[in-house]
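**Student:** Got a sequence here, can you build the structure:
(2 chains)
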Amino acid sequence: DIQMTQSPPTLSASVGDRVTITCRASRAIAVWVAWYQQRPGKAPKFLIYKASTLESGVPSRFSGSGAGTDFNLTISSLQPEDFATYYCQQYNSYPRTFGQGTKVEV
Amino acid sequence: QVQLQESGPGLVKPSETLSLSCTVSGDSIGASFNYWNWVRQSPGKGLEWIGSISYGGITKDNPSLSGRVTVSSDTSKNQFSLRLTSVTAADTAIYYCARVSSNGGFDFWGQGTLVTVSS
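**Tutor:** Residues are numbered from 1 along each chain as shown, chains lettered A, B, ... in the order given. Coordinates of the predicted model:
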């Protein structure tokens, strides 16, 4: 299985901050990475696919980058509704696997 | 708009079989080039992919679940289902159904249903 390791586990930030979450794959997966946002008590929300392509309707302050084994999710200016947990996920091979999550908190 | 809705018992006894269904609206599970998935999240933990079924009926499951998983579909009801046998307390989780489309990500999710394994 491909392991996805996210860092940091928790990120303390303020409204307006630029934040970056890192995800590292245990082996090269080209650009086959997606990112999700999960608010408490809700299902995950699809943000980004193919490492850097924004899903329709997702605000442009979200961006993704990377290829191979190292990937980033960046929020350019944190908004109150962005305080949530973020997950990366690989779809290069089965079984599909997720990172352990990064909680963005105040 | 695509919508998914999970249904099934919220309490299952140890060693028994967990059975859930997912009803899809806004898309046809047998006619589109999509994959229909089950993902779970243990309390306070991360996300785990369980298994999937394609539009053509091809299934895949997570080897970490030791062959206990069956994913099936009923195109006449536009539903797909999960069976997980020989459950233990470790299978207590929120179970989500989700769609994977051509972009590769889980783009639509159900609201999730909590299943507790307890006697």
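**Student:** number of nearby residues for the residue nearest to B:Gly57 when sequence neighbours are not counted?
**Tutor:** For B:Gly57, ignoring the flanking residues on the chain, the nearest one in space by C-beta to C-beta, 6 or more residues apart in numbering or on different chains is B:Ser73 at 6.7 Å. (Glycine included, C-beta is placed from N, CA and C.) B:Ser73: 20 surrounding residues under other C-beta atoms under 10 Å in any protein chain shown.
**Student:** ok, B:Ser73 touching B:Ser81?
**Tutor:** Yes - B:Ser73 is within contact range of B:Ser81, at 7.2 Å (criterion: C-beta atoms under 8 Å).
**Student:** where does the one residue sitting closest to the centre of chain B land on pLDDT?
**Tutor:** Among the residues of chain B, the one closest to the centroid is B:Trp38, at 2.7 Å (C-alpha atoms, centre = their mean). With respect to pLDDT, B:Trp38 scores 98.
**Student:** Was I right to think it contacts B:Tyr95?
**Tutor:** Yes - counting by C-beta under 8 Å, B:Tyr95 is a contact partner of B:Trp38 at 6.4 Å.
**Student:** Which strand residues bridge the residue nearest to the centre of chain B?
**Tutor:** Taking DSSP bridges as the rule, B:Trp38 bridges to B:Gly51, B:Cys97.
**Student:** Adjacent strands (with direction) for the host helix or strand of A:Phe71?
**Tutor:** Here A:Phe71, judged by DSSP states H and E, is contained in strand A:70-75. Strand A:70-75 has the following strand partners under DSSP bridges: strand A:19-25 (antiparallel), strand A:62-67 (antiparallel).
**Student:** which of those sits most buried?
**Tutor:** strand A:19-25 (a mean of 19; mean count of other C-beta atoms under 10 Å in any protein chain shown).
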